[in-house]
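Chemist: Prediction below, plus the sequence it came from.
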Amino acid sequence: MPELDQRDVDVELVGVTKRYGDLTAVAGVSLAVHRGEFFSILGPSGCGKTTILRMIAGFIEPSEGEILIAGKPTRGVAPNRRPTSLIFQHLALFPLMNVYDNIAFGLRMRGVSEGEISGRVAAQLELINLSGYGPKRVDQLSGGERQRVAIARSLIIAPTVLLLDEPLGALDLKLREHMKEELKAIQHRVGTTFIYITHDQGEALAMSDRVAVMSRGRIEQIGTPSEIYEQPQTRFVAYFVGENNAIAGRTAREDAGRVVVDTPEGRLVSRNPQGMEAGRSGLIFIRPEKLQCTAGDDRGSGPNALRGTLEEIFYEGPMVRMRVRLHTARQVAVVIPNLGRTVLPAVGDAVVVTFSADDAYLLPDGGA
């Protein structure tokens, strides 16, 4: 891997650890966030992602390691002295100030003249598509509008890095989907580096240039959304990001970049990204949308055919989800697009579930 040009890095963590007594919240995390990048840290509650954000912001200090912002060490630098701005989940807008004064607040604290403030606030309102909203009270705004005001208030001080701590968590589903598009569009227009904390994989995959997946204080994998989804490197990432079917087995042999695995469901073939040798136990992962399901139990002798009974069908508008119980009593999920022309098997039918070896991957049977 080529050495990273430090001029292209806005935030770097080097061996960062944070302990609270006997509890290690963050354990030896190293990562680099590129200039102008939308970088998300994804993980379940309690994995340490918000602790990392608060250390970057300066609200807490690492127990070990170093955090650099724009190439400069930050240990001992107070939050208000760092070139960062932080948006909390609950936004923390000032309820007694109108929209204009909320956005202008940071500039006034820095002693900027009212003439300059007026022009910069107007530019921010235009950026967030709320021109003319300056006199409105905060309680007159919708949830999405309040969200955009919080973004403008943070961006107006021109931070090197904007830190976002699950800012969409309090919004309803439809508004959250809309705000994902808005937030990514705003970041693209301003070019500011965003570090976004979330437990929602959909948010991370949809908005990010790269994603770091965390578990128990450690980074499991860093990659583009497609790399995280299509090429998970650990069992945790495979389970946590998206839905997955997992079938346990033991490797029989490697075969031209593929691996043959003996499982209770029969002999299966999959990709072997970690080069697991014969005789090792592992899990074959296959995404539900990579499976095909057809009625009947007399499928030919293909290597990846799982026989069972269709137990449930769930109609979800753009897709149809099926639950199949295999002959070994294991269940697998199958998702197919709703094309309106597909003839589906009926609940109770004998079915065969098939998949391509290129769409499955084997990982060691271990880890969280």
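Modeler: Great, that's in hand. Numbers count the residues shown, from 1 in each chain.
Chemist: backbone phi and psi for the nearest residue to Arg321 once chain neighbours are set aside, please?
Modeler: Counting by Cβ to Cβ, 6 or more residues apart in numbering, Arg321 lies nearest to Phe314, which is 4.2 Å off, once chain neighbours are set aside. Every C-beta, even on glycine, is put in place using the N, C-alpha and C of the backbone. In terms of degrees, to the nearest 10, the main-chain angles of Phe314 are phi -120, psi 120.
Chemist: Could you report the neighbour count for Phe314?
Modeler: 11 (other Cβ atoms under 10 Å).
Chemist: Also Arg271?
Modeler: 18.
Chemist: how much space between the closest residue to it other than its chain neighbours and Thr263?
Modeler: With Cβ to Cβ, 6+ apart as the criterion, Arg271 has its nearest non-adjacent residue at 4.4 Å, and that residue is Tyr361. According to Cβ to Cβ, to the nearest Å, Tyr361 and Thr263 sit 14 Å apart.
Chemist: Isn't Asp101 up against Phe94?
Modeler: Yes. Judged on Cβ atoms under 8 Å, Asp101 makes contact with Phe94 at a distance of 7.3 Å.
Chemist: Looking at these two, which has the bigger crowd around it?
Modeler: More crowded of Asp101 and Phe94, by other Cβ under 10 Å: Asp101, with 17 against 11.
Chemist: does the more buried one sit in a helix, a strand or a coil?
Modeler: The assignment at Asp101 comes out as helix when based on DSSP: H, G, I helix; E, B strand; the rest coil.
Chemist: mind listing what the residue nearest to Arg271 touches?
Modeler: Listed by Cβ atoms under 8 Å, 6 or more residues apart in numbering, the contact partners of Tyr361 are Gln231, Pro232, Ser270, Arg271, Asn272, Pro273, Ile284, Phe285.
Chemist: and it, helix, strand or coil?
Modeler: Criterion first, three-state DSSP; result for Tyr361: strand.
Chemist: ok, for Arg81, nearest residue in space, not its chain neighbours?
Modeler: That would be Gly58: by Cβ to Cβ, 6+ apart, it lies 7.6 Å from Arg81.
Chemist: can you pull the contacts of that neighbour?
Modeler: By Cβ under 8 Å, 6+ apart, the neighbours of Gly58 are Thr74, Val77, Ala78, Pro79, Arg81, Arg82, Thr84.
Chemist: ok, now Tyr239?
Modeler: Ala246.
Chemist: Please identify which helix or strand holds it.
Modeler: Here Tyr239 sits within helix 235-240, counting by DSSP states H and E.
Chemist: how distant is that helix from the center of its chain?
Modeler: 12 Å (Cα atoms, centre = their mean, to the nearest Å).
Chemist: what's the answer for stretch 8-22, then?
Modeler: 20 Å.
Chemist: for stretch 264-284, same thing?
Modeler: For stretch 264-284, the distance to the chain centre is 27 Å (Cα atoms, centre = their mean).
Chemist: Buried residues in it, which are they?
Modeler: Glu265, Gly266, Leu268, Val269, Ser270, Arg271, Asn272, Met276, Gly282, Leu283, Ile284 (16 or more other Cβ atoms under 10 Å).
Chemist: Among those residues, which ones are in helices?
Modeler: Among the buried residues of stretch 264-284, none falls in helices (DSSP state H).
Chemist: follow-up on the earlier one: for the residue nearest to Arg81, what are phi and psi?
Modeler: The phi/psi pair for Gly58 (degrees, to the nearest 10) is phi 100, psi 10.
Chemist: quick thing: my sequence starts at 45, can you match it?
Modeler: All right, first residue 45 from here; so that's Gly102.
Chemist: Which pLDDT value belongs to the closest residue to Lys334 other than its chain neighbours?
Modeler: Leaving aside its chain neighbours, Lys334 sits nearest to Asp403 (3.8 Å; criterion: Cβ to Cβ, 6+ apart). The model reports Asp403 with a pLDDT of 95.
Chemist: Same check on Ile201?
Modeler: pLDDT, Ile201: 93.
Chemist: Next: Leu135.
Modeler: pLDDT at Leu135 comes out at 78.
Chemist: Ok, Gly344 next?
Modeler: Gly344 is given a pLDDT of 54.
Chemist: where are the low-confidence patches of the chain?
Modeler: Within the chain, the stretches with pLDDT under 70 are 45-51, 341-346, 385-386, 410-412.
Chemist: can you list the domain ranges for it.
Modeler: Domain assignment for the chain by automatic domain parsing gives 50-282, 287-408.
Chemist: Need the winner for burial among those.
Modeler: domain 50-282 (a mean of 18; mean count of other Cβ atoms under 10 Å).
Chemist: could you pull out the strands for the stretch 245-394 of the chain?
Modeler: 254-259, 262-267, 289-299, 302-307, 310-315, 325-330, 336-339, 349-359, 363-370, 375-381, 394-398 (DSSP state E, counting those that start in this stretch).
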